[in-house]
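Asks: this one's structure only:
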């Protein structure tokens, strides 16, 4: 099962979509991301420090990073728990289900700018990305 989007999928975002994603993303240790300045795929590495014993990982957000979103991150994005942005509330994520043996179904109800849409793909990751892409590019 595919776990993250690809660089090609990330490149489907408009410039404003990339900015929205960059603002939303709160990196965690070992997130995969693309450094858009160096055009390299890399990983968020924790830095040790922060407490006296030095065992607390500190994550620094890369200035030029765009994340290769995981399935969990896309669900969080669509569900809106971490979405404190001007475009929040534009979508009502109402779930993920398997349709028969072949496809994953991601349903979203739109408001104002977004229509209600269903995203059906063989890979769960791709169905979730299709919904995220629609929200980010609006």
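Replies: Structure's in. What do you need? Fair warning: this is a prediction, and the values are worked out from it, not measured in the lab.

Asks: Tell me, please, the helix or strand in this structure that averages the lowest pLDDT.
Replies: One helix or strand of the chain scores below all others by mean pLDDT, DSSP states H and E: strand 47-48, with a mean of 61.

Asks: Report the beta-bridge partner residues of residue 119.
Replies: Assessed by DSSP bridges, residue 119 has beta-bridge partners residue 106.

Asks: Please look at it and residue 97 and confirm they touch.
Replies: No: judged on Cβ atoms under 8 Å, residue 119 makes no contact with residue 97 at a distance of 11.6 Å. Yep, even glycine has a C-beta here, placed from its N, CA and C like the rest.

Asks: Name the residues contacting each of these two.
Replies: residue 105 (Cβ atoms under 8 Å, 6 or more residues apart in numbering).

Asks: the more surrounded of these two?
Replies: It is residue 119, of residue 119 and residue 97, that has more neighbours when counted by other Cβ atoms under 10 Å, with 20 against 11.

Asks: Please tell me how far the more buried one sits from residue 127.
Replies: Residue 119 is 5 Å from residue 127, where distance means Cβ to Cβ, to the nearest Å.

Asks: any shared contact partners between these two?
Replies: 105, 106.

Asks: Strands along the protein, start to end?
Replies: With strands called from DSSP state E, the chain shows them at 32-35, 40-43, 47-48, 57-58, 65-67, 91-99, 103-110, 117-121.
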